[in-house]
Structure formats: C-alpha cells, structure tokens
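**Student:** compute the structure for the input listed below.
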Amino acid sequence: MNIEKIKYYLDLVDCRSFTETAKMNYVSQTTISQTIASLEDTFQIQLINRKKTPIEPTEAGLLFYDEALILWKQYQSMQKKMRNFQAHRQETVTIEYSAMTDIQTLLNVTPSFKEKNPHLELNLTKVLLKNISEYLTKGIYDVAIAFDSEFQDKKEITTIPLYAGKYQAVVGAGHPLFDKEAVTLAELYQYPLVMLDPSVIGASYNLMQQHAQKDGYQPHIAKTVDDVETELFAIRTEKLIGFFPDNYNLTYPASEIRMIPIEGSFHTFQIELGYLSTNANTAIRSLIHSIKEKHSISE
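**Tutor:** So this is what the prediction gives:
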C-alpha cells in the first residue's frame, strides 16, 4: 500500500466528493476511485458508501479513517524530521500542545535551552486536547504539554509538572455575578454553564464534572462548543458561565468579560510535560534537563 495515497482517502472523507478530492490532489477522479477500490480490496471490506449523496464512510471506513490519520501524521512527522536534519544537520524535538496556556509554560525555558543547544530545533503543533496522549504514545510527537487529566492512568507516559493552578469562573457583563470579586460554590452552581465539547477536550470534560460533584453539586451544562472563541462568545451573549484556567489571558476588555476566583472549589489543575521514556530521540533529554533545571526539579 502506497502511504502517500492514504491522503486521498483522508481527503475524500473530509470533503465527501470524488471530484473535489481529485482537484485537491491534482489527479484525475479515476485515480481517486481506483485508489479507494484498491484499499477496499486490500482489506476486503467496504470503506465508502457510494450510494449516499454526498458519499460517506461506512462504519469500517470511519475506523480506517482514524487509523489512517495517525499513520499519515507519523509519516509527515518523519518526513519533516529527515528534511530538517538533511538541510541543517539539526535534531528536532516535536512538541504537541492544545492551548496557549500550555506553551506559556515553555516560554521561560526556551531562550536558555536554545542558547545551550543551538543544534536542536523545537517544532510545535497545536492538536485537540482529546488526541494528546494517543498521538504521544503512537510516536507522532516526542513531547506533549497539556492538562494533567490527559496523562492520568497512562503508565507509559512520564510527566513533569510545569504549572499548578485553579479554574476560575468566566462571566460576561450583565450576568448577576459579573461584579463580584469572588464567587461561592452556591452562587456558581445556580447558573447554567458552557463548556468545550467532549470531542474536543476528552477526559477533561468528565474530570470537570467530577470536580463539580466533589464540590457537592451537579453542574447544569447548558451548552457545549467546539472552540474557546465560541465559548467566550456564548459567555458574553448568552449569560452562561465558563471555567478557564487562572493563567489564561483574556482578550476581551474587563468591562465585557471577567475571570472570577471560586472559593473553596475542587476545580484545580496542573499543566504537565509528558514523554515516553522509551523514545530514542536523545534531544528530548536536553529539553527535559533544561526544564527540570528551570523548575528546580531534581534529576
């Protein structure tokens, strides 16, 4: 199986059109059709339902898509590392993160790391929080920086704490809690909430609910959204409350949206760096040494 042609399948599922997939890849529609037929012949199972308009993957096709996407990302990562080494004789550490708050923890380490290791390059990629641990264990990235919830019960992942904090209530102008300097649990949980969808944040969604239950309340999650920008819009326009980490930098004026501390809550978090101890990339050790040195963590 030609790994380059996996992209044809991924593009087809994404855009649901043989014609558009052919245009995207500068090949004929016949080439796309033959490639999909070849994949189906290889696995002896139907991957695409051609009777539907637009076309859509079968149940087996969805499974193949998920696995093919990981394989394609691994292939791209390998290509990037080899091109970089060939062009600059530099080793690369690939780092995945899911939010700006993750890489903020890396900023104070990077200058001294680069000064001591000019031959090493840090290559950062933003991914969905729910994919962090899977992409790390599959070897797509060397290092992951994310909330500790994504590394829980993953024995193969070694972690280093980078930041510990508390979640705060995020409230828009016009909300009854907007002018408060701090909110109690009773005040907080009487209002509807907005959260990022489980398909985006994975285990963190369930953990947030568990924290609320430890607080002694059942949260009323009125809405879930796919990104932070939409979440903030809902907070501002629909009088919903969100939970954001205390190191998040709001871009809205304080007259429109505020972050308010929550008194006595279990809503805490850690941002951690995760890596596989079995990873053979020696450049990772240099990065880990710099981080431990900066955070006064013993080797």
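
**Student:** what comes up buried for the biggest helix by length in the chain?
**Tutor:** Determined from DSSP state H, the single longest helix within the chain is helix 59-88. Of the residues in helix 59-88, those scored as buried under the neighbour-count criterion (16 or more other C-beta atoms under 10 Å) are 61, 64, 65, 68, 69, 70, 71, 72, 73, 74, 77, 81. In short, each C-beta sits where N, CA and C put it, glycine included.

**Student:** same question for stretch 44-64.
**Tutor:** The neighbour-count criterion (16+ other C-beta under 10 Å) identifies 47, 48, 55, 57, 61, 64 as the buried residues of stretch 44-64.

**Student:** could you check how far the fourth one is from residue 285?
**Tutor:** When C-beta to C-beta, to the nearest Å is the yardstick, residue 57 and residue 285 sit 41 Å from each other.

**Student:** do the fifth one as well
**Tutor:** The span separating residue 61 from residue 285 equals 41 Å under the rule C-beta to C-beta.

**Student:** got it, and residue 27?
**Tutor:** In this structure, residue 27 and residue 285 are 43 Å apart, going by C-beta to C-beta.

**Student:** burial of the residue nearest to residue 15 when sequence neighbours are not counted, as a residue count?
**Tutor:** Sequence neighbours aside, residue 21 is the residue nearest to residue 15 in space, at 5.9 Å (criterion: C-beta to C-beta, 6 or more residues apart in numbering). By other C-beta atoms under 10 Å, the residues close to residue 21 number 26.

**Student:** show me what contacts residue 21?
**Tutor:** Under the criterion of C-beta atoms under 8 Å, 6 or more residues apart in numbering, the neighbours of residue 21 are 8, 11, 12, 15, 32.

**Student:** if you set the cut-off to 10 Å instead, what comes out?
**Tutor:** Counting by C-beta atoms under 10 Å, 6 or more residues apart in numbering, residue 21 makes contact with 7-15, 27, 29, 31-33, 35-36, 55.

**Student:** what helices or strands is the longest helix of the chain leaning on?
**Tutor:** helix 6-15, helix 29-43, strand 48-49, strand 56-57, strand 91-97, strand 120-126, helix 132-137 (3 or more C-beta pairs under 10 Å, 6 or more residues apart in numbering; DSSP states H and E).

**Student:** poorly predicted segments of the stretch 1-150 of the chain, please.
**Tutor:** With pLDDT under 70 as the threshold, the stretch 1-150 of the chain has low-confidence stretches at 1, 86-90.

**Student:** got the domain ranges for the chain?
**Tutor:** Domain assignment of the chain by automatic domain parsing yields the ranges 3-72, 163-269.

**Student:** now the ones you listed in CSV, with distance to residue 102?
**Tutor:** What follows is those, written out as CSV (distance: least, C-beta to C-beta, whole Å):
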stretch, distance to residue 102
domain 3-72, 21
domain 163-269, 9
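
**Student:** nearest to residue 113, out of those domains?
**Tutor:** Using C-beta to C-beta as the measure, domain 163-269 is the one of these that comes nearest residue 113, at 17.2 Å.

**Student:** return the distance of that closest one from the chain's centre.
**Tutor:** The offset between the C-alpha centroid of domain 163-269 and the centroid of the whole chain comes to 19 Å, using C-alpha atoms, centre = their mean, to the nearest Å.
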